[in-house]
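Student: dropping the sequence and predicted coords here.
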Amino acid sequence: MNQAPFLLSALDSKHNRNDFKSSSEALNHYLKHQVNQDIRRRVAGCFVAIHQDQRIAGYYTLASASVRLSDLPSSIGKKLPRYPSIPAVRMGRLAIDQEFEGKGLGSALLADALAKAASSEIAAFALIVDTKDTQAARFYLHHGFIALPDSPLTLFLALATLKTFKNDTQKIK
Ligand SMILES: CC(C)(COP(=O)(O)OP(=O)(O)OC[C@H]1O[C@@H](n2cnc3c(N)ncnc32)[C@H](O)[C@@H]1OP(=O)(O)O)[C@@H](O)C(=O)NCCC(=O)NCCS
């Protein structure tokens with residue numbers, strides 16, 4: 001029997017977005033008022049972790065992206081082909097409802113996003129994230145992400161290195 005406390009699915013109209021309350025007002029507002037439009041326009045996909053009581057406990061978004069080769073650390077860039085930009089997947093947003101913070105769900109959703117990016121038939125070099133502040137950036141550094149040298153709030157994890165990532169997806173099914 002799968003005892004994962006959260007069910008992961010793509011956001012759809014049956015999910016109640018109004019009660020979601022993370023510590024970031026901007027991320028709460030995005031889920032309530034903007035994400036549907038982004039999904040309709042195919043500029044983002046949104047995945048939600050649903051608690052047993054049907055509440056949204058956390059969400060993240062994914063979209064195609066690219067990163068300029070010259071923005072990567074030179075030690076990594078020099079091992080890549082000399083294209084002006086390198087394909088990537090952007091996790092635009094990640095937020096956990098305050099009631100569920102500190103229980104491993106953020107790590108589980110990050111692990112799921114990495115797994116999706118790494119298993120897509122459309123190749124991407126890395127998962128990249130644009131964080132809102134240094135505290136959020138520390139969450140990704142904690143998980144092995146590397147900051148872009150000239151943009152420390154943008155971080156990436158090369159998908160080929162995923163075998164070293166601590167996989168926490170057992171929290172969700
Ligand atoms: C940041 C956030 C996603 C973390 O989610 P969470 O479910 O509380 O985190 P987890 O319980 O999965 O934490 C997993 C690990 O990361 C660590 N961690 C959590 N937040 C951290 C932070 N800001 N800095 C450094 N480490 C952090 C935990 O200590 C834990 O470490 P361990 O595995 O060694 O014990 C959540 O707090 C949140 O939604 N914050 C508001 C929105 C936000 O800042 N989003 C970030 C993207 S912009």
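Tutor: Alright, I've got the coordinates.

Student: which residues of the chain fall in helices?
Tutor: 25-29, 35-40, 74-77, 105-119, 134-142 (DSSP state H).

Student: which helices and strands sit right next to the fourth one?
Tutor: Counting contacts by 3 or more Cβ pairs under 8 Å, 6 or more residues apart in numbering; DSSP states H and E, helix 105-119 is packed against strand 6-10, strand 45-51, strand 56-68, strand 85-91, strand 94-96, strand 126-130. In short, each C-beta sits where N, CA and C put it, glycine included.

Student: any buried residues in the fourth one, and which?
Tutor: For strand 85-91, the buried set under the neighbour-count rule, 16 or more other Cβ atoms under 10 Å, comprises Ile86, Ala88, Val89, Arg90, Met91.

Student: make CSV from the residues you listed and add distance to the ligand to it.
Tutor: Below are these laid out as CSV (distance: Cβ to the nearest ligand atom, whole Å):
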residue, distance to the ligand
Ile86, 22
Ala88, 16
Val89, 15
Arg90, 12
Met91, 8
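
Student: how about the residue in the chain positioned nearest to the ligand: what's its closest non-neighbour residue?
Tutor: Residue nearest to the ligand within the chain: Gly106 (2.2 Å; Cβ to the nearest ligand atom). Excluding its sequence neighbours, the residue lying closest to Gly106 (Cβ to Cβ, 6 or more residues apart in numbering) is Ile96, at 5.0 Å.

Student: what's the answer for Tyr60, then?
Tutor: Nearest non-adjacent residue to Tyr60, counting by Cβ to Cβ, 6+ apart: Leu94, 4.3 Å away.

Student: what sits against the one you found?
Tutor: Gly58, Tyr59, Tyr60, Thr61, Gly106, Leu109, Leu110, Ala113, Val129 (Cβ atoms under 8 Å, 6 or more residues apart in numbering).
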